[in-house]
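Engineer: My questions concern the predicted model and sequence given below.
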Amino acid sequence: MHDFCFTIPYGLVLVAGGIIGYAKKGSVASLGGGLGTGLVLILAGYLSLKAFEKRKNSYLALILETVCAAVLTWVMGQRYFQTSKIMPAGIVAVIREVEYYALMTAFYLYKIATGGNHIPTKAE
């Protein structure tokens, strides 16, 4: 599986989440965080896709993806540990969110460790 297959939809989900957070709660932090991180991930996915089309890897894209996922894991984990007024359903939702970000971080680290996207040999 190629990283851009996950990264572009992941970025779109974050952009949508930022917009929804702003629309529902008026949270400028959600808007800035969601849009900022989402757009960086969409850009990284696009760079990776274009590099793949040229039969190359984009290590810059992999690094951007990994840093974004790691930062989101850290921020969401901190938010979970700092809030004490969450109902049990909220706790489950936050834990799931942290697990998702951690999973994306692990996926990007795996892609870096294995040398990026697998470039198939050209069929002649």
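Structural biologist: Arrived safely, thanks for sending.

Engineer: Show me the shaky parts of this structure.
Structural biologist: 77, 80-81, 83-98, 123-124 (pLDDT under 70).

Engineer: Now do the strands in it.
Structural biologist: Taking DSSP state E, the chain contains no strands at all.

Engineer: Centroid-nearest residue for it?
Structural biologist: With distances taken as C-alpha atoms, centre = their mean, A69 lies nearest the centre of the chain, 4.6 Å away.

Engineer: Now do the contacts for it.
Structural biologist: Residues in contact with A69 (C-beta atoms under 8 Å, 6 or more residues apart in numbering) are Y101, M104, T105, F107, Y108. Where C-beta positions appear, they are placed from N, C-alpha and C, glycine not excepted.

Engineer: Out of those residues, list just those in helices.
Structural biologist: Those of these mapping onto helices are Y101, M104, T105, F107, Y108, per DSSP state H.

Engineer: Now rank the contacts of A69 by neighbours and give me the top one.
Structural biologist: For the contacts of A69, the largest number of neighbours (other C-beta atoms under 10 Å) sits with Y108, at 24 neighbours.

Engineer: measure that residue to T121 for me?
Structural biologist: Remark: distance between Y108 and T121 (C-beta to C-beta, to the nearest Å) = 25 Å.

Engineer: And T114, by the same measure?
Structural biologist: On the measure of C-beta to C-beta, T114 and T121 end up 17 Å apart.

Engineer: who has more neighbours, the two?
Structural biologist: Neighbours around T114 and T121, counted as other C-beta under 10 Å, are more numerous at T114. The numbers are 9 against 6.

Engineer: Nice, that's everything, thank you.
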